[in-house]
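Chemist: model this:
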Amino acid sequence: MHDVLIINGTVVDGTGSPARRADVAISDGVITEVADRADGDGLAGQAANQTIDADGHVVSPGFVDVHTHLDAQLAWDPLGESSCFHGVTTAVMGNCGFTLAPVRSDARELVVRNLERAEDIAAEAMAEGIDWSWETYPEYLDFVDRTPKGINYAGYVGHSALRTWAMGERAFTEEASDDDLALMVGQVEDSMRAGAVGFTTSISLNHETSDDRPVASRLSTRAEIGALVEAMGRTGRLGRAAGGRTGIFELAHHPHLRSRDPEKRESYIAWLVDLAVRTGVPITYGMLAFGSEDHQWRPVTELLRRINEAGGTSWAQVHTRQFGVLLSFQTRLPFDSLPLWSELRSQPMAEQRRALTDPALRDKLVREADEGDYGRAIGAEARKPEWQWVYPLTSGLPPYRSIAELAAERDRPPMEVFLDEAIAGDLERFFIQAAANQDQDIVLELMRLPNAIPTFSDSGAHVSQIMDSSLQTHLLGHWVRDREAFTIEEAVRSITSLPADAWGFADRGRIEVGRAADVNVFDLGAIRPDLPELVHDLPGGARRLRQTASGFLATLVNGEVLVAGGTPTGVTPGHLLRGPLSDR
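Modeler: The predicted structure follows:
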C-alpha cells in the first residue's frame, strides 16, 4: 500500500520536459512510482492511505528558494510562513552574511545588532523567541536539525557573525588581524564539514546597524573575503577527491559594481571573476535593476557572463517583479519622520482618520509631505515617494495603476490622491513603493538570462517592510499564465531542479522515482498571491506581514501534506538539508 497517491494530474517534472498526464506514488517520504496515463490507467485503483485527485491541476516538484533569512524565525515558527503558502518546500537561510552563529554566549547582542536594522528583525522578538543553545555554526545546524519544522532548511555561515564571534566589538571598527582571520577560516571549514551550504557576506551600503554603523562584514577587505572563500574551496577540493563538490559564495554587492566610473566597475568585476576561477567556488548574488540606465543594471549581467565565460560558475538570483516596500497606515509611511506626520502617526488610528478629514490639517500634512526633508533611507526602508513608482495594492497580481497615473487622470496632486486611496481603504490598504526593478521589461530580460534563478524572497527578514515570499506564485500567475512569457515547463524548472542542482540538493527538484517527495499540486488557472495582511504574532507581540496564496490544492514535504487548500495541516515533516561537503 502506498502512503500517498496523486492521480489524474498533469506532471511538470522539473526537468523542462513536456508536461504529461501521470500519477505519482509516494511511500516513506520518497517518490516510488510515476505512471503515465497515456500508457493506460496509471495507478488508478491502487491502495493508498491518502489519495489526492489532481484532475485539472499541475503536479510539480516543491519550489526551492535560495535567498531567505529564516534563521531566527525558525525558532518560533514551525511552518515556515509565508513561504509554505507559496509552494516553497526548501529554503536556504543565512544570506548576505547574516546568521545567528557563530556567537559567543556573552556577546549575543552583537549578532542582534547586525540583524536588527539591516534585516528588520525585532531585537525583542529574537530575545524572547530564541533559546540560544549554540555557539558554533555546527551547533546551530544541530539546533535546526532537532527543531520541528514544516519545510526543509539549508544554511550558509555568515560573515558578520563570523567577525563578531572572532573579534567582538572590534568587528565593527577594524580590519581583521592574522589571528582573527585564522579563527574565521577554521570556523568556515568546520561549518562546511558540518553541513553549511556555503559562506555569505555583505559589502553593500544598504546594510547598517541600528546605530548607523556598517554591519560587521562591511569592515572586511577583499583579502579577508578571499581567504574565507578559499577556505571553502579548499574544503571542497578535499571533498571532491571523494566525489564531493564545493559550497557556494553569496554576497550583497559593493556599489562599485554599478558605479558610473568604469575603472571602479572593472576592478570590482575582475576581482570576483578571479576569485571564482581561482577558488573553484560558485558565486551567487541578487540581480536587481536600480533604474533603467545601463550602469544601474547591465554591470550585474556582465559579471554573470564573465565569470561563466572565464571557467568559473555564477548564478544570478533574479526577482520576478518590482522590489517593493509595502506602505500603509498600519505599518509605516514615507512621511513618518517628518515633524507633523510624526505627531500624527503617534495618535490612535481613529484620530489619524479624523485628522485626514480636517481640511486645514490635511493641507499642512500634504505640504510637509511634498516639501519635507526625508533624510537617507537604506535597503527596504521607506523613502521619499516617486509617485510613478507607488501603486495602490488592490490585487495580488498586476496590472497596477500608479499614483502618478491616477493623479493625472483625476487632475489632483499625487499626495492628495495617495490620501484619497488610503481613506478609501479605511487606512488598511497597502501600497507598493518600488525601490528597484521598476521597469518590467528589464525584469523579464534578467529572468531570461542563462544561469538566472527566480528567488531572492528575503523571507524571514524585513518582516514589516516587504512581502516577497510570493515571488514564485507571481512567476506562475503573472509571467506564465497572464503574460505567457514562459512556458509552465520553463518556469517550474527554474524554481525546482535548477536551484536544487546548483545548491547540491541531489534528491530534490524533480518528480522522479527515488527523489524526496516534495510536491506541489496547483491550478495554473487560479494560482496567485493573496493580498498581504498585518499580524502581531511574533514573540512579544511584534508585528509582521503575512501573505497566503490561492490555487494550491496541496503542498507535500517529504511525503506529508503540509498545506491543504491553503490551510496548514499541523504536521512538521521538514528536514535539515546538510550541504554536499558534510561529513555527517
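Chemist: Could you list the low-confidence segments of this structure?
Modeler: Within the chain, the segments meeting pLDDT under 70 span 237-244, 380.
Chemist: Quick one: classify Phe505 as helix, strand or coil.
Modeler: coil (DSSP: H, G, I helix; E, B strand; the rest coil).
Chemist: Now the nearest residue to Gly247 once chain neighbours are set aside. Its backbone dihedrals?
Modeler: Closest residue to Gly247 apart from its sequence neighbours, by CB to CB, 6 or more residues apart in numbering: Gly198 at 3.8 Å. For glycine as for every other residue, the C-beta is placed from the backbone atoms N, C-alpha and C. When read as degrees, to the nearest 10, the backbone of Gly198 gives phi 170, psi -170.
Chemist: how close does the closest residue to Phe329 other than its chain neighbours get to Arg383?
Modeler: Spatially, and ignoring its direct neighbours in sequence, Phe329 is nearest to Leu427 (4.0 Å; CB to CB, 6+ apart). Using CB to CB, to the nearest Å, Leu427 is found at 21 Å from Arg383.
Chemist: mind listing the helices for the stretch 201-350 of the chain?
Modeler: 222-240, 262-279, 298-309, 339-345, 349-356 (DSSP state H, counting those that start in this stretch).
Chemist: The closest residue in space to Val277 that isn't next to it in sequence: neighbouring residues, count only.
Modeler: Leaving aside its sequence neighbours, Val277 sits nearest to Gly312 (CB to CB, 6+ apart; 4.5 Å). Using other CB atoms under 10 Å, Gly312 is surrounded by 20 other residues.
Chemist: So Gly312 versus Asp501, what's the distance?
Modeler: 17 Å.
Chemist: so what strands line up beside the longest strand seen in the chain?
Modeler: For the chain, the strand with the greatest residue count under DSSP state E is strand 2-11. The strands beside strand 2-11 in its sheet (DSSP bridges) come out as strand 20-27 (antiparallel), strand 48-53 (parallel), strand 58-61 (parallel).
Chemist: Could the C-alpha coordinates of the shortest one be exported in PDB?
Modeler: Just to be clear, that refers to strand 58-61. The C-alpha trace of strand 58-61 is given here as PDB (Å, rounded to 0.1, in the frame of the first residue of the first chain):
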ATOM      1  CA  VAL A  58      -0.300  20.700 -12.300                       C
ATOM      2  CA  VAL A  59       1.800  18.300 -10.200                       C
ATOM      3  CA  SER A  60       5.300  19.700  -9.800                       C
ATOM      4  CA  PRO A  61       8.300  19.400  -7.500                       C
END
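Chemist: Which residues are in contact with the nearest residue to Arg508 once chain neighbours are set aside?
Modeler: Take Arg508 and drop its neighbours on the chain: the residue closest to it by CB to CB, 6+ apart is Ala500, 4.4 Å away. By CB atoms under 8 Å, 6 or more residues apart in numbering, Ala500 lies in contact with 14, 61, 64, 90, 506, 508-510.
Chemist: 7 Å instead, please
Modeler: Ala500 makes contact with 64, 508-509, according to CB atoms under 7 Å, 6 or more residues apart in numbering.
Chemist: how about those in CSV, adding secondary structure?
Modeler: Putting the contacts of Ala500 into CSV (three-state DSSP) gives the following:
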residue, secondary structure
Val64, strand
Arg508, coil
Gly509, coil
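Chemist: Which one of those residues is nearest to Leu475?
Modeler: Within the contacts of Ala500, proximity to Leu475 (CB to CB) peaks at Val64, which comes in at 12.9 Å.
Chemist: The residue lying closest to Gly504 once chain neighbours are set aside and Ala502, how far apart?
Modeler: Using CB to CB, 6+ apart and skipping residues adjacent in sequence, the residue nearest Gly504 is Pro580, 3.8 Å away. Applying CB to CB, the value for Pro580 to Ala502 is 11 Å.
Chemist: follow-up on the earlier one: which residues are in contact with the longest strand of the chain?
Modeler: Contacts for strand 2-11 (CB under 7 Å, 6+ apart): 19-28, 32, 34, 42-44, 46-55, 57-59, 511, 519, 521, 556, 559.
Chemist: With stretch 550-566 instead?
Modeler: 3-4, 26, 28-30, 52, 54, 57, 62, 84-85, 87, 89, 150-152, 516-523, 526-528, 530, 548-549, 568-569, 571, 573-575.
Chemist: Stretch 362-370 now?
Modeler: Taking CB under 7 Å, 6+ apart as the rule, stretch 362-370 contacts 335, 338, 340-341, 344, 356, 413, 415-416.
Chemist: Just the buried residues of these.
Modeler: Neighbour counting over the contacts of stretch 362-370 (16 or more other CB atoms under 10 Å) leaves 335, 338, 340-341, 344, 356, 415-416 as the buried ones.
Chemist: Can you pull up the most central residue in the chain?
Modeler: Ser457 (2.4 Å; CA atoms, centre = their mean).
Chemist: so that one is in which element?
Modeler: Counting by DSSP states H and E, no helix or strand carries Ser457.
Chemist: Leaving out chain neighbours, which residue sits closest to it?
Modeler: Using CB to CB, 6+ apart, the nearest residue to Ser457 is Asp468, at 4.6 Å.
Chemist: a helix runs through that neighbour, doesn't it?
Modeler: No - assignment of Asp468 by three-state DSSP gives coil, placing it outside any helix.
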